[in-house]
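In: sequence and predicted structure below; questions after.
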Amino acid sequence: MLEIKGVQGTQISIPEVEVNVDTVYKRTNIERKSQLDEHTQQQMEYWQYDEIQYTFREWLQVLSDENKQIQESQRLQDVDINATQEMVDFLLMQSAEMPMTLSLKQNKSKGVDSMAMYIVIRVEKKAKISVEEGQKAYKMFLSNPNFTHLKNDVDTMLLADGKDNLIVDLI
C-alpha cells in the first residue's frame with residue numbers, strides 16, 4: 001500500500017476507485033482547482049486529491065474488512081430493532097390494542113395475565129424462525145424467576161394454539 005497526499009491530475013474526471021492492471025487506486029478529498037499558467041496566461045484547471053494505491057491482495061483485504069464492519073453494524077441494528085419491537089409489543093399488550101389469536105382472547109376473558117400473553121406472542125414469533133428458536137425463547141422467559149409463575153398460563157395458550165412442540169423442560 002502506498003499513500004500519496006495532494007496528487008494533481010488533468011483527467012476529465014477522477015473516479016473514487018480505479019482498477020488498473022495490477023493496482024487499485026482509492027481516491028479521497030477530490031477537489032477541482034484552477035491556477036494561472038505562467039506561459040499562456042490562461043487559467044488551467046486540474047484535480048487535486050489524496051490517493052492510496054493497493055495491490056489486488058491488499059484491496060481484497062480492505063473490502064473484506066469493510067464487509068465485516070457492515071455486517072457487524074447490521075447485526076447491532078437488528079439487535080436494536082428486535083429490542084425495540086419487544087418493548088413495543090409489550091406496550092401494545094398492556095393497552096390491549098394488539099390483535100390476539102382466538103385462544104389468547106379466550107384466555108384473556110378468563111383473566112389470564114397479559115404478560116403471559118406477551119410471552120406466548122414472543123415465543124410464537126421466534127418459532128416462525130425455527131422451532132428451536134421458539135423453544136429457546138420459551139426457556140429464556142420462563143426460566144426467569146419473575147415469570148415462572150406464568151408457566152401454566154403460557155402452556156395453556158400454546159396448547160390451545162397447537163404449539164405444544166414449543167413447550168420444553170426448564171431444568
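Out: Alright, I've got the coordinates.

In: confirm residue 27 sits in a strand?
Out: Yes: with DSSP: H, G, I helix; E, B strand; the rest coil as the criterion, residue 27 is part of a strand.

In: quick one: neighbours of it, just the number.
Out: The burial count assigned to residue 27 is 19, neighbours taken as other Cβ atoms under 10 Å. To be clear about C-beta, it is placed using only N, CA and C from the backbone, and glycine gets the same treatment.

In: residue 138 against residue 166, yeah?
Out: Yes: at 5.4 Å, residue 138 counts as touching residue 166 under the criterion of Cβ atoms under 8 Å.

In: what sits in contact with each of those two?
Out: 123, 158 (Cβ atoms under 8 Å, 6 or more residues apart in numbering).

In: ok, which stretches of the chain are strands?
Out: 2-9, 17-19, 24-36, 43-54 (DSSP state E).

In: can you report how many residues lie near residue 163?
Out: Neighbours of residue 163 (other Cβ under 10 Å): 20.

In: list the residues that contact it.
Out: Here residue 163 is in contact with 123-124, 127, 134 (criterion: Cβ under 8 Å, 6+ apart).

In: among those, name the buried ones.
Out: The neighbour count (16 or more other Cβ atoms under 10 Å) marks 123-124, 127, 134 as buried among the contacts of residue 163.

In: relative to residue 144, which of these is nearest.
Out: Nearest to residue 144 among the buried ones among the contacts of residue 163: residue 123, at 13.0 Å, using Cβ to Cβ.
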